[in-house]
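Colleague: quick one, what's the 3D model for this:
(one chain, ligands or ions: 2)
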Amino acid sequence: MTIIQVSNLQKSFGQLSVLKNITFDVKKNDVIAVIGPSGSGKSTMLRSIIHLEKVDNGSIRINEDDLVKNGIYPNDRKIKQITHKMGMVFQHFNLFPHLTVKENLEIAPLVVQSEKIEIVRKRSTEVLEKVGLSDKANVFPAKLSGGQKQRVAIARALMMNPDILLFDEPTSALDPELTGEVLKVMKILAQEHMTMIVVTHEMGFAKEVANRILFMDNGEIVESGSPEQLFSNPKNERTKSFLTKAY
Ligand code: ADP
Ligand code: MG
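Modeller: Ligands and ions are numbered 1, 2, ... in the order given. Purely as a prediction, here's the structure:
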């Protein structure tokens, strides 16, 4: 079942064309790894899907709804309704420093979604357990390592019960010894069949966990395929050259 259909996305920042006819689809339970050099448009593509950026043209269909169709967006209320079931995890965790871990998780469901406090409390307990941080519930972010902060950020995204999780280089800001604990949580989510799009430089993770790889360069999806195909037998010269440098 296709849950995201991206067609012919185009976006420029001023004169700079950043997304050029991006087309791909995401099926339920897909784990898609997006790889490619810095500046190739990976973040802009991801941000467009969750409406942190507006595209100039093209379409993004999410479940049965058009987030944008041929460059035309619906009204804000409709956009919110469509993007509501997506969560995103960023390179920098963006936690609220003045709130405890548990409060960081609960604030959006309580204040933005006006959910019942008992339900939200129960869910925050569950998601903290999932990311292995039950013992940090009442701690402030400053007391956490980078890896723990990123796991809180993942837990916070899970609080919204997302159908789809987007990750933008979730381990790039971490010391190498802390990336493993974050990748492990992401792997658990994948095993639980969360649909995920992951922009990453972690080729090992991409190879092991993703079922499809998209290679982007210069605003285009140059090549896509299974990890076996793309890593062992890349067809495009630009893919080959990137993979040689990335290893
Ligand atoms: P990646 O995530 O692959 O590194 P990005 O999507 O962040 O690539 O950026 C693609 C290109 O768009 C880069 O050249 C970047 O400098 C440019 N860019 C990204 N965001 C903006 C912005 N808000 N304003 C102007 N240029 C931007
Ligand atoms: Mg980026």
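Colleague: could you use CA atoms for every contact and neighbour count after this?
Modeller: Will do.
Colleague: which bits of this structure sit near ligand 1?
Modeller: Phe13, Val18, Ser38, Gly39, Ser40, Gly41, Lys42, Ser43, Thr44 (CA under 6 Å from any ligand atom).
Colleague: hmm, try it at 8 Å
Modeller: Contact residues (CA under 8 Å from any ligand atom) of the chain with ligand 1: 12-14, 16-19, 36-45, 168, 216-219.
Colleague: mind checking which of those residues are buried?
Modeller: The neighbour count (16 or more other CA atoms under 10 Å) marks 18-19, 36-37, 40-45, 168, 216-219 as buried among the residues of the chain next to ligand 1.
Colleague: pull out the buried positions in the longest helix along the chain.
Modeller: For the chain, the longest helix by residue count, based on DSSP state H, is helix 176-191. For helix 176-191, a neighbour-count test (16+ other CA under 10 Å) marks Leu178, Thr179, Glu181, Val182, Leu183, Val185, Met186, Lys187, Leu189, Ala190 as buried.
Colleague: in helices, which of the buried ones among the residues of the chain next to ligand 1 appear?
Modeller: Using DSSP H, the subset of these located in helices is Lys42, Ser43, Thr44, Met45.
Colleague: show me where the chain has its strands.
Modeller: 2-13, 16-27, 31-35, 57-62, 65-68, 86-89, 164-168, 195-199, 212-217, 220-225 (DSSP state E).
Colleague: pLDDT value on the most centrally placed residue in the chain, please?
Modeller: In the chain, the centroid-proximal residue (CA atoms, centre = their mean) is Leu166; its distance is 1.5 Å. For Leu166, the pLDDT comes out at 98.
Colleague: low-scoring stretches of the protein, by residue?
Modeller: Low-confidence segments of the chain, defined by pLDDT under 70, span residues 247.
Colleague: much appreciated, bye for now.
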